Structures are given as C-alpha cells and as structure tokens.
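quick one, structure for this:
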Amino acid sequence: MGTTQLESVPEPKYWHLRTVLSEALDSEFTVGEILPNERDLAARFGVARATLRQALEQLELEGRLQRRRGVGTTVAPPRVGVSVGSEQHAWPGAPDDVWQPVDCTPAVPPASVADALDSGRDEAVHTVRRSRVTHGQPVAAELLYIPQSSVPDLSAIDAPSGAARARAVLRELQHLELEGQESAVELGSARADDAKELDRLPGAPVLVVTTRYLAEGRTAALSVATYRADTCRLTFGDSGRVEIHQDPERQAS
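The predicted structure is shown next:
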C-alpha cells in the first residue's frame, strides 16, 4: 500500500480564502469594523458563498471575527487573558474571587450533575448563576451547583432571592473545609441562555470548564463555566493550573 504525499494534496479553497481574508483583516480593517455582506465578499474574491461561509466560520473559531445579533460580522478585538485557576485552592466567593453573582434559585440539576453531587435526580439544589467580565466585555458565564447538604445552616429569611441570595449561599459554603478541586476543559457549543449572556449566537464555539470542589470526602459543589472561545485561549502551566492568555500573534498585529 502506498503512502499519501502531503505535498501533492491541494489546499482546500476555503482554507486558502481564510488566509487571504486574514491578511485583509490586518491591512484593510480595524477592530469592531463591520465586514461587507456575504454576497459582496464572495463577488470580490470570486468564490461561492458556501466557500466564503466556511472561511468566515474558521476565522470566527480562531477569534478573528465575531458575529453579533443585529449588527453582522465584525473584526474581533485581541483575545484577553483571564486566569481560570490559582495556586491556592479556594471556594467560589472567596475574597479575591473575580466572578460576579447574578442570581440563585433552587432547581433540579442535569442528571450528570446530580450524579456527581451524589444527590437524588429529583432533588433541587442551590443553582448560583455568576458572570465574568474582563476589559469591559463578557467572557464567561457560570452555573454553580451546591446541594443543601453543603450549606445546611442557610436561612431563607436572610436573603430570599437574587444576587443577595447567591452571596449568602457562597458565604455559607466557606464554612466547609475545602479538601481539593478538580477541573476539566472541553470545547462545546453555546446554549441559548449562555449565548445571550455572552453576546454570542447560539451554537457559537465555547470552552467549558467543569470544576468539582471536594469536601468531607465528596463533591460539595460543582461549577460549569462557559468561556467565549473567540476571545479566550487556554494553556496549562507547569503548576497544573489552567489560564487564559492573550494571543501574542494578535497583539503583535
């Protein structure tokens, strides 16, 4: 059986167009500028609109473009650097926590979350919603699931709802001794609610960071944080923590 000679494999049309478009973004457009419509772009570069869409989708995935509701396709700003982990483990809501509480409601979590928390699949848990903003733009949305057993002394009278309720739940969580935390990262697609909060279109690429907080020999809380893949890049440092850094190539352009 012969081997494929990579040199002889032609470059896909959309990939060549992606390269041409990327150079045009650097030389002809500024951050935030709206691109011409697909028909005009396809005519300019002499390609089918299907090929153009593939190239635009690739550039969006790379963080060069953003598609915004009611606006169109714009040139994206440089990716921002956001630390996901830290050298010292800490509960959500600790003094140096950069997340902002938005709301807290009792709700039955997804089955996979209930299994991780070792709670009944029909049992409601505290569902804290938080957001994260960097350099004035939303970069992440989080759902933090906390079972009743992790905050047994929480009083509904102190903070009945909203962000105040979320802060009360997080304060109560600090009373547990944190034994450790485990994080996993995967590429996903934005759900409708996350897309709205992150100013993205449903189905846009996102980075999902799932973190288990361990106490008393169990998962005492579970976080599912959704980061914009077009503005964030994940790297793993020597310490094992996860960070999001600025794209040096974008900064240099």
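
ok, residue 168 to residue 104 distance?
According to Cβ to Cβ, to the nearest Å, residue 168 and residue 104 sit 8 Å apart. For the C-beta atoms, the positions are set from N, CA and C on the backbone; glycine is no exception.

these two - which one has more neighbours?
residue 104 (25 against 21; other Cβ atoms under 10 Å).

A strand includes the more buried one, no?
Yes. Counting by DSSP: H, G, I helix; E, B strand; the rest coil, residue 104 falls inside a strand.

could I get the full set of helices for the stretch 51-200 of the chain?
111-117, 162-173, 192-197 (DSSP state H, counting those that start in this stretch).

tell me which of those helices is the most buried.
helix 162-173 (a mean of 19; mean count of other Cβ atoms under 10 Å).

mind listing what residue 153 touches?
Contacts for residue 153 (Cβ atoms under 8 Å, 6 or more residues apart in numbering) come out as 172, 175.

can you tell me, leaving aside adjacent residues, what's nearest to residue 183?
The shortest distance from residue 183 to any non-neighbouring residue, by Cβ to Cβ, 6 or more residues apart in numbering, is to residue 211 (4.6 Å).

on the three-state scheme, the one you found is what?
With three-state DSSP as the criterion, residue 211 reads strand.

so it bridges to which residues?
residue 183, residue 223 (DSSP bridges).

tabulate the helices of the stretch 51-200 of the chain (JSON lines), appending distance to residue 36 and mean pLDDT.
Below are the helices of the stretch 51-200 of the chain laid out as JSON lines (distance: least, Cβ to Cβ, whole Å; pLDDT from 0 to 100):
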{"stretch": "helix 111-117", "distance to residue 36": "43", "mean pLDDT": "91"}
{"stretch": "helix 162-173", "distance to residue 36": "42", "mean pLDDT": "92"}
{"stretch": "helix 192-197", "distance to residue 36": "25", "mean pLDDT": "85"}
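
which one, of those, ends up nearest to residue 61?
The closest of the helices of the stretch 51-200 of the chain to residue 61 is helix 192-197. By Cβ to Cβ, the value is 15.2 Å.
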